[in-house]
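In: quick one: sequence and predicted model below, then my questions.
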Amino acid sequence: MKSIAKSMLFLLLFGALSIAYSQTAAELIAQADNYSTKEFNNQKAIMKLFDADKISKNNWEIMWRISRSSVDIGEHMKASSDEQLKKYEEAKYYADKAVELAPNKSVCYLRRAIVNGRIALFKGVFKAIGLVGDVKSDIEKAISLNNGSNEIMAACHYVLGRSHAKVCEKPYLVRLPLGLGWGDIDISIKEFKKAIEMRPEFKMYHLDFAKTLISEKEWASAKEQLLKVPALPKLDEDDDTFVAESKTLLEQIKNK
């Protein structure tokens, strides 16, 4: 009986410790989210996530967040540097891991699409055709799963819209032999509108939608989007840059 009682006590204590560790990992993830999305300190966010990983191994919630912060750090490194590419490749590793651990989660495919998009832009979209195709495949998978938060799903539609817009920067007959004939400006516009509908306060969506409208010479609609950017709340560390860019573009097309 004593042996059984000791075993029961051990199981109870072990269960309590497991719960405590789980709560601690959750707390660290929450702190990382705050550093990443509120304070825009992705170095501290990654430190918290690595601490969480020590407690909760092979946790897809941790993996995709490490990828997110790594991409954000990479974006602010010296452009086209070896260090920037290395950071993006590091982000890709964690995004791949997230997809492997949770192949039924929209956010994991979103994060992999974003980092592949960054690597494609680094190398040149029309020199990294395979990566561009991977972005399209992953983001369409994320949208079909449709199991992320409103913010995540808005980002999915934005990425799909931007992907079509980037591909359409080359004429159809030029990109068709490259396997990029799928690019469609009408789909791009539709997806940008969907992203904005879902998250209307996000500056970047309006700015990039305006750029696409400018490429289509839809001046009035582009101005409408650009005029919205300065009045929206600051939700991203690059929002000040987006405001400045929106004002520059508005000045450039004011007589159009």
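Out: Structure received.
In: residues touching Ile196, list them.
Out: 202, 205-206, 209 (C-beta atoms under 8 Å, 6 or more residues apart in numbering). (C-beta placed from N, C-alpha, C; glycine too.)
In: per-residue pLDDT, it?
Out: pLDDT, Ile196: 98.
In: what's the helix or strand for it?
Out: helix 185-198 (DSSP states H and E).
In: now that helix: buried residues?
Out: 187-189, 191-192, 194-196, 198 (16 or more other C-beta atoms under 10 Å).
In: what's the closest of the residues you listed to Ser149?
Out: Met198 (10.1 Å; C-beta to C-beta).
In: so the closest one sits right up against Ile152, yeah?
Out: No - checked against C-beta atoms under 8 Å, the pair Met198 and Ile152 is beyond contact range at 9.7 Å.
In: how about low-confidence regions in the stretch 151-256 of the chain?
Out: Along the stretch 151-256 of the chain, the model assigns pLDDT under 70 to no residue.
In: name the residues of the following helix or strand past the helix holding Ile196 that are buried.
Out: Following helix 185-198 in sequence order, the next helix or strand is helix 203-215 (DSSP H and E). Neighbour-count burial for helix 203-215, counted by 16+ other C-beta under 10 Å, picks out 203-214.
In: farthest pair in those residues?
Out: Between all members of the buried residues of helix 203-215, the farthest pair (by C-beta to C-beta) comes out as Lys203 and Ile214, at 16.4 Å.
In: OK, contacts around the nearest residue to Lys78 once chain neighbours are set aside?
Out: Counting by C-beta to C-beta, 6 or more residues apart in numbering, Lys78 lies nearest to Gln84, which is 6.3 Å off, once chain neighbours are set aside. Listed by C-beta under 8 Å, 6+ apart, the contact set of Gln84 reads 74, 77-78, 122.
In: just the ones in helices from those, please.
Out: 74, 122 (DSSP state H).
In: tell me what the helix or strand containing Lys141 is packed against?
Out: If you go by DSSP H and E, Lys141 is part of helix 129-145. In this structure, helix 129-145 makes packing contacts with helix 106-123, helix 150-167, judged by 3 or more C-beta pairs under 8 Å, 6 or more residues apart in numbering; DSSP states H and E.
In: save the ones you listed as JSON lines, and put in mean neighbour count too.
Out: JSON lines is the format used below for these (neighbours: other C-beta atoms under 10 Å):
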{"stretch": "helix 106-123", "mean neighbour count": "24"}
{"stretch": "helix 150-167", "mean neighbour count": "22"}
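In: dump the contacts of Ile196 into a markdown table; add distance to Ala25 as well.
Out: Compiled in a markdown table, the contacts of Ile196 are given as follows (distance: C-beta to C-beta, whole Å):
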| residue | distance to Ala25 |
| --- | --- |
| Phe202 | 29 |
| Tyr205 | 32 |
| His206 | 36 |
| Phe209 | 38 |
